[in-house]
Structures are given as C-alpha cells and as structure tokens.
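Visitor: Pasting the sequence and the predicted coordinates here, then a few questions.
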Amino acid sequence: MTDEAASGGIQRWAVRIEYDGAAYVGWQRQNNGLSVQELLEQAAAKLAGGRVVPSTTAGRTDARVHATGQVAHLDFPADLPLTERTVRDGISYHLKPHPVVLLRAVLVPLTWNARFSAIRRRYHYRILNRRARPGLEANRVWHVKFPLDVDAMREASRHLLGHHDFTTFRASCCQAKSPMRTLERLDVVREGEVISLYVEARSFLHHQVRNLTGTLQLVGCGRWVPDQVREALEARDRRAGGPTAPAEGLCLAGVDYEPDPFGPDLSGSGGF
C-alpha cells in the first residue's frame, strides 16, 4: 500500500452505514448489551485476520435509534490488500444476520476524521399520526393517535432555528461543554399519515432532536400555542420543555463533509 492514506502502520477507510437500531443499546460499546460499534469492529477484525480494527463515528446514536447514513472510519493494518469492494462487501458479509450493512467504503488520508471532519449532521424523525397502531412500521415511528396540527408545529419550529442556548432541549446527562448550537434546518412536513421532521445542524446535544420533537408534538395536539416554544427556549431549563419523543422514530439520515470523501459512485456498478 503506497497511498498516502496508508502510513504509520495503518490505512484508514471511511464507511457509510445503514442499520435498524431496534435491538441495540446504541452505537457506542457498552456493558449492558450489544452495540453497533461492537458489531462493526468484530466484522472488521474478521476481515483483518483477527487483528483489532478500531472505529470512530461521526455521531453516537442512542438505543433503538436507526441510521440510513451513519459514517465512521476504520483503521486497518497497512499491509492488508483492501479494495472498496472487499471492505464494503466483506464487512457486510461478516455482519450477517444483524440488520447492519455498509453502503460505501473509501480509502481516506489519515488526516480525515469521521467525527471532526464533519460539517453537518442530518436527522429525520417520523410520527405516524393515525388512530390505528403501526403494523409494518412498528419500532420505526412514534405512534400518535390524536390529530396533530402541522401548521401550528411548523410555526412553532421557527422559534428554534438559528444560534441559541438549547439547555431546555438537552438531556440532563448531556456531556457537551456548551449548550450553544446552531439549528440550520427544522422542517415539519405531512405526507399522508406520516409527519416528518427534517433537522440539520453541525452538531447536536444529547436528546436534542427527540426533545424538540416532543415539544412540537404538544403544539400539534393543542396543549401549547406556538409562542410557548419560544418561552421554553428562553427559559434555559429542561423542565420548561416538552417530553422526550421515543427513540424508535429517530433516524440519522446523513453526515456531510467538504469535500465529500464518498462523492458519487463512479464504479459503474450501480452500487453492485
């Protein structure tokens, strides 16, 4: 391996991952159950002949949270003859039968970091808004039986856009040094029986998206008026906010980089 990405005894691979998080304790390794990180590193180690392959992720998802665009990097020994296809398909093979798969794998310089090189994280929260409980989408939506006013939720969401102290919407156990965050996007869209929240920021506080969603749900059901969301934000007190929405409705939809190491798929294989 002569590429500049393979030096100091390692070669770094960026991977884009999709997973159903319903059965896991979250991304990060923990002592109380199986994590996505543990599964990924075990699969990578099998590809590396049993040698340890550490990973770093763009963002740690909570238990039961899903991902369609999680990003991590893996540091393989430099002497392995790896290709994009062998990393993607080899690791995905060793991840069976778990619902965790690699969508892309690219060699990157050692200066590239899945966490610190990211410029934006994108989340998607889905609410199934109908009387009947979910059948096909159980564990992938928040089921809210009573009608929600999307227009009111959208009006309330405007108070949350921009740079604010989001103390009201962070978990009490959040370890971030500062509650200041810049919310770049918060769209509330109804598509039939599903209400989707599309949320984007460079970084998020622990439970921030779920706490925002739980608060906007109070507006949608008429228990709050939109201006109360502004008041809650200004209170800088978690007790002033709404409930934490269930984890199963949340999905990490993507992580953005400039330049994007994945770029377009130029393999000509259409993903194959």
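Guide: Yep, that arrived.
Visitor: Pull out the buried positions in stretch 123-141.
Guide: In terms of neighbour count (16 or more other CB atoms under 10 Å), stretch 123-141 has its buried residues at 123-129, 140-141. In this view, the C-beta of every residue, glycine as well, is placed from N, C-alpha and C.
Visitor: Which residues outside the helix or strand containing residue 89 are in contact with it?
Guide: Using DSSP states H and E, residue 89 sits in helix 84-95. Residues from elsewhere that reach helix 84-95, judged by CB atoms under 8 Å, 6 or more residues apart in numbering: 13, 15, 39-40, 42-44, 46-47, 74, 101-107, 267.
Visitor: Among the residues you listed, which ones are in helices?
Guide: 39-40, 42-44, 46-47 (DSSP state H).
Visitor: Only whichever of these are buried, select them in PyMOL.
Guide: Entered in PyMOL, the line below selects the buried ones among these, by 16+ other CB under 10 Å:
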select buried, resi 39+40+43+44+46+47
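Visitor: Closest one to residue 222 out of the ones in helices among the contacts of helix 84-95, please.
Guide: Ranked by distance to residue 222 (CB to CB), these are led by residue 39 at 42.7 Å.
Visitor: Count the residues that sit near residue 116.
Guide: When neighbours are defined as other CB atoms under 10 Å, residue 116 has 9 of them.
Visitor: Give me the pLDDT for it.
Guide: In the predicted model, residue 116 carries a pLDDT score of 97.
Visitor: got it, and residue 1?
Guide: In this prediction, residue 1 has a pLDDT value of 44.
Visitor: Can you give me every residue that contacts residue 9?
Guide: For residue 9, the contacting residues are 77-78, by CB under 8 Å, 6+ apart.
Visitor: go again using 10 Å as the cut-off
Guide: Shown in contact with residue 9 (CB atoms under 10 Å, 6 or more residues apart in numbering): 75, 77-79.
Visitor: go on, residue 10?
Guide: Counted by CB under 10 Å, 6+ apart, residue 10 has contacts 1, 53-54, 74-80, 110.
Visitor: Can you name the residues that contact residue 141?
Guide: Residue 141 makes contact with 125-129, 134, 193-196, 246, 248-250, according to CB under 10 Å, 6+ apart.
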